[in-house]
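Undergrad: Here is a sequence with its predicted model. Questions after.
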Amino acid sequence: MAEQITDDQVAEKLGGLRMTKQRKVVYEVVQELAKEHPTASSVYTRAKEIMPTISLATVYNCLETLTDAGAITQVNLHREASRFCPNLQPHAHFFCAKCNAVFDVNLQDKADASEPWDLPSGSRIEEMNVAMRGLCPDCRDSK
């Protein structure tokens, strides 16, 4: 399960920037759609239902601010649209090449993200972006 942070923690991560109504809506939508790792477009579609006056540019700006603050992460794979993830625990992502689903891949040893990798001795991971591509079980088994 994704580590979710409170509004106060998000505001703290914003480093003095206000937690505006728009940022709050965008953050809540990213959390609501966490399992699908939403694109900016899908965040906009859902946010517009909640706040009809929000613009696509505002959604992009909010996503950028929340990402820069470390409240969410941006997930990229090759030339696909960026997706957003509220899971702040060290993890990787698995993209299904057929149905485009995105799955969090949790590390077996959550205490040390460097454990499964052959890093130079004494290294410390400060950020991790690992993406795998393949077929999910449903797509692999479908004819």
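TA: Yep, that arrived. These numbers were taken from a predicted model, which means no experiment stands behind them.
Undergrad: all contacts plus neighbour counts: C-alpha atoms, from now on.
TA: Noted.
Undergrad: Report the central residue of the protein.
TA: C85 (1.3 Å; CA atoms, centre = their mean).
Undergrad: Quick check: beta-bridge partners of that one?
TA: T73 (DSSP bridges).
Undergrad: tell me which helix or strand of the protein sits lowest on mean pLDDT?
TA: Lowest on mean pLDDT, DSSP states H and E among the helices and strands of the chain sits helix 7-13, with a mean of 71.
Undergrad: now for the helix or strand just after that one, which elements pack on it?
TA: Once the chain leaves helix 7-13, the next helix or strand it forms, by DSSP states H and E, is helix 21-32. With contacts taken as 3 or more CA pairs under 8 Å, 6 or more residues apart in numbering; DSSP states H and E, helix 21-32 sits against helix 40-50, helix 56-69, strand 83-85.
Undergrad: do that again at 10 Å, thanks
TA: helix 7-13, helix 40-50, helix 56-69, strand 83-85 (3 or more CA pairs under 10 Å, 6 or more residues apart in numbering; DSSP states H and E).
Undergrad: which one of these is the most hemmed in?
TA: Mean neighbour count (mean count of other CA atoms under 10 Å) peaks for strand 83-85 among the helices and strands packed on helix 21-32, with a mean of 23.
Undergrad: what is the mean pLDDT for it?
TA: For strand 83-85, mean pLDDT is 93.
Undergrad: From H78, how far out is the closest residue to K48 other than its chain neighbours?
TA: Taking CA to CA, 6 or more residues apart in numbering, and ignoring the residues beside it in sequence, K48 has I54 as its nearest neighbour in space, at 6.0 Å. As judged by CA to CA, to the nearest Å, I54 and H78 stand 29 Å apart.
Undergrad: Show residues contacting stretch 50-58.
TA: 21-23, 25-26, 29, 40-41, 43-48, 61-64 (CA atoms under 10 Å, 6 or more residues apart in numbering).
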